Structure formats: C-alpha cells, structure tokens
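Q: build me a model:
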Amino acid sequence: MKKIIYIFLILSFIIFNDLKGQCVQQADFSYTITGCHSIRFTNTSPLPYQIDSTIWNFGDGSSIVINQNDVVHTFTASGNYTVTLIVHRGEPLDCWDTIQQIVTIDPLPVADFSFAPLDACSGSSISFNNLSTGTSLDYSWYFDDGSQINYLANPSHIFTSYGGGIDSFNVCLIIEDIMGCMDTTCKIVEIKQQPSVNFFDSENFKHCSYTEISQDTLTIINYSPDSSFISNYFIQWGDGQDTSISSFTNISHIYVGTGTHPITITSTGNNGCQTEFNRLLIIENTPIAGIIGPLAGTNMGCAPLTVQIGNNSQNITDSTITVINWGDGNVLTLPIGTPSGGTYNHTYTVASCSQPSNQYIITISVSNACEISEVTWAPIRVYEPPKANFNISSPTCINQPITFTNISSRNNCAADPNTVYTWDFGDGTTFGPTYVTYTGQPQQTISHIIIV
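A: Next up, the predicted model:
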C-alpha cells in the first residue's frame, strides 16, 4: 500500500511537473545525526517563494512523510539509502522540484576483546586486545577493581589481590560509534593472588648511635598475614649478600660500619606469585654539634668586624650536612661529609645594635638521617662610630667670632656609650677633648675667632 501511494505521488509529481514546470529555485535539504541510526532531515530549499507542500521518502521502505520541513527518521538496518525530498511552490511559481541524496548507515558496532596472559599473578600486567567492530569507535574499559575508566583501545591493567587462591574481576568494554550506537561485552578475568607480607625491625630500619659503629646487627621479624601460603623468602641484604629460606619467624644479619643498604625481601607463594618488600636500612652515627668561639676580645668591635670560629662537632660521617648560621642573615653550608676541625671566618658589616640584647648569635647545625644537632655561641657585638656633624654661623668678618654648633649624633651603638668630642678649627688651634657621658648632652655651641 505504501509503495502504491508513493508511486501515485511520483506520477502526480511528473504530471504536475510537465503541466506546471520545473521550479527555478531548486529543492535542497541537510541532515545531522541525532542518535544511533537516527537522523534529522531539514528542508533547506531556498526562498523567496513559499513552499506549500513537501514529500519525504527515506528509501528504506518506511512510510513517506508529508508536509514537514524538519523530520527525524530512524533506520533499522545498515546500508546506503537514497533519501528523496519533493517540494511544491505556490503562486506565482506553482511548480515542483525534487532532490535526492545518498545517506550511509553504518553497521551496528559489536564489542569484543581478548586478554593475556590468562593465568596472571596479582601485581603483574595484563594486556587487553580490542576485537570490536564498528566505525570511529570510542572505548570505555571498566576493570571492576575501583580503578578509573580507561579510554584506550588496547589498554594494560594491573589487578591486585592478596591471599593464596584465585580472585575474579568482571571486566567490561563499552564501545560507541560516531552515530551514538553502543554495545557492551563483559568477561571474567581470573588472577592468582599474591601473598600479603609484613616485616618488622624494632628500630624501623634506622640504626643510630652516639658512639662509633664498627658493626651492626639487623633482626627482621616476620609478621606476614599470608605466611602459610609462602614457600620461599629470598632476602637481599643490600651489602652483596643474599639469603634464601623456606620460612622464618625472625632472621638476623651483621653489617660492618656505617652506611645505607637497600633491603629487598621477595616472598613466593605456593602458586608461584611473588610480593616484594623494600626498605632502606640506615646505619649512622648520631652527630653532635660543637663550636669553638672567637678568641677573647675579637668578638666585639666596630663594623666591619671579622670573626673566626672553629667547628669541633662529633660523629661526622660521609652523609652529614654542616650549616653555619652567622646570625646576620648569612648562612654557610659546608660540602656534605666535611669533617670537623676546620676554622671559618665571617665579616659583619652591619651593627648588631638592632638585634635582641645587642648581639649576633652564631649557630652550627649538623644533621644526617639520624638527627639534627645544634649549638650556639654568643655574643658577637658589632658597633658603629658616632656620627660627627656641626653647623657654622653666617659668614662674618676677619677677627670676628664664628659660632660652631655641634649637632653630632650621640654614640648609642658602641662598646663605651660615652663620647669624646675634639674640635680642630683648621688654623692650628683645637678644643677638647671633652668627655660626655651617655646621659649627658654634647656641647651645643663653640665660639672661635680665626685670625689671619
């Protein structure tokens, strides 16, 4: 019946076209994808003359659509379809026109994948090979272990599960093509569990001593929850020696001298799966900071003041860092492992009067993996001289007195806060010295006659 109606309309179009004539303005349409095999067709036939009727045929045997300028059609199968639009324009043209376009509908996508290896251990990588079919596909992988979605076509993934048996994960792949068509497939991935391990050292793998270390003993205690599933422990002590043992509650090893040692314990389960335990063992002397202050009397003076200190810190090893903070914003960091016994100079260029207690404090800190030790020495007092200044009265005649006014700054930043003033008038005459205590005022004015 649909075909009869369509044939009738086409015949009518041909008859009318012969009688009425071909439209000058030709028909046209566009289309966009709106969903899986679903397309929106839009009549874009040009104006200016009114279109009073339209006929859509989608070429897939479905019903024609009449008098709609915008229509959404869903194709039920893939293929190439000839979509036809017939339009009629009213007065003054009173004409018909048609346009056909080929629309390609891709086959529905089919999701599929494989993976390898099939008997992987927990903690090892599994490769997923995408076998899906479809056009311009996007991929979403769900690994069923709480991890994030993976959008690669062929991802790799590491599953983690502890124990001595088998664990299963329902891995799903969702694909979507350019038309929004989707498909999903899920497969069970089984992995062999790896043993859960835990090993303990009473000093948390950091052995420190205030006395010189000639040798040190490490004792490892086995607290592994899955020890009943473990058939072998392979211990790499980090000093070139290894131990292989089927079981242990605690095990000891002797090291010579100080140093750092990367320890690896590889535990192999009855199913062949392994778990690695890694720790860095530190055997160190605990440093003790020490300082020898400046010689008596050299720790005070006017800027610039150069002082010398000695470093007599103890237990300095190759990994010890020594830092000297001079207290005035300058810091000296010695090369790592610098032994004690050296002397170091520093020149202070700014007075210490603005510092608490009018002093700089020198700090030596020594540190390594075991501890940070600090020692200080004070005081370092840096003074500045008084600032001499005076004014002269207006010019006067020869043999007439001239008034000199002392406007010097009092010596508030000095070892001796009292000030001595001495005038030299440049004509061979002087005045002073005058001793003024820090609570007193300097002489304010001096009258002097320069004789020529």
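
Q: what's near enough to touch Ser30?
A: Ser30 is in contact with 41-42, 44, counting by Cβ atoms under 8 Å, 6 or more residues apart in numbering. (Each C-beta comes from the backbone N, C-alpha and C, glycine too.)

Q: try it again with 6 Å
A: Residues near Ser30 by Cβ atoms under 6 Å, 6 or more residues apart in numbering: 42, 44.

Q: so which helix or strand takes in it?
A: Using DSSP states H and E, Ser30 sits in strand 29-35.

Q: by contact count, what packs against the helix or strand following that strand?
A: Using DSSP H and E, the helix or strand that follows strand 29-35 in sequence is strand 38-43. Applying 3 or more Cβ pairs under 6 Å, 6 or more residues apart in numbering; DSSP states H and E, one finds that strand 38-43 contacts strand 29-35, strand 70-74.

Q: tell me which of the ones you listed sits most buried.
A: With neighbours taken as mean count of other Cβ atoms under 10 Å, those reach their highest mean count in strand 70-74, at a mean of 15.

Q: what are the pairing partners of that one, and which direction each?
A: Strand 70-74 sits in its sheet next to strand 38-43 (antiparallel), going by DSSP bridges.

Q: isn't there a strand covering Tyr357?
A: Actually, residue 357 is Ser. It isn't Tyr. No: Ser357: not assigned to a strand; according to DSSP: H, G, I helix; E, B strand; the rest coil it is helix.

Q: show the contacting residues for Val72.
A: Arg40.

Q: rerun that using 7 Å as the cut-off
A: By Cβ atoms under 7 Å, 6 or more residues apart in numbering, Val72 lies in contact with 34, 38, 40.

Q: before we move on, what about Gly257?
A: By Cβ under 7 Å, 6+ apart, Gly257 lies in contact with 213-214.

Q: same deal with Asn69?
A: By Cβ under 7 Å, 6+ apart, Asn69 lies in contact with 42-43, 54.

Q: including neighbour count, distance to Cys95 and pLDDT, could those residues go into TSV?
A: Formatted as TSV, the contacts of Asn69 follow (neighbours: other Cβ atoms under 10 Å; distance: Cβ to Cβ, whole Å; pLDDT from 0 to 100):
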residue	neighbour count	distance to Cys95	pLDDT
Thr42	14	21	95
Asn43	18	16	93
Thr54	19	14	91
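
Q: residue closest to the middle of the chain?
A: Of all residues in the chain, the one closest to the mean position by Cα atoms, centre = their mean is Gln148, 19.5 Å from it.

Q: now do that residue against Asn130, distance only.
A: The gap separating Gln148 from Asn130 is 18 Å, by Cβ to Cβ, to the nearest Å.

Q: and stretch 179-194, which residues are buried?
A: Neighbour counts using 16 or more other Cβ atoms under 10 Å place 179, 181-183, 189, 191-194 of stretch 179-194 among the buried residues.

Q: what's in contact with that stretch?
A: By Cβ under 7 Å, 6+ apart, stretch 179-194 touches 33, 35-37, 106, 108-113, 115, 119-123, 126, 159, 161-176, 269, 271, 273-275.

Q: kindly state the beta-bridge partners for Ile191.
A: Asp167.

Q: now it: how far from Ala414?
A: Distance, Ile191 to Ala414, using Cβ to Cβ: 81 Å.

Q: which stretches of the stretch 301-450 of the chain form helices?
A: With DSSP state H, counting those that start in this stretch, there are no helices along the stretch 301-450 of the chain.

Q: below-threshold pLDDT in it: ranges please.
A: Along the stretch 301-450 of the chain, segments meeting pLDDT under 70 span 395-396, 410-411, 415, 438-444, 450.

Q: in it, which spans are strands?
A: Here the stretch 301-450 of the chain has its strands, by DSSP state E, counting those that start in this stretch, at 305-311, 321-325, 331-333, 343-348, 360-367, 372-383, 390-392, 401-406, 419-424, 430-436, 445-449.
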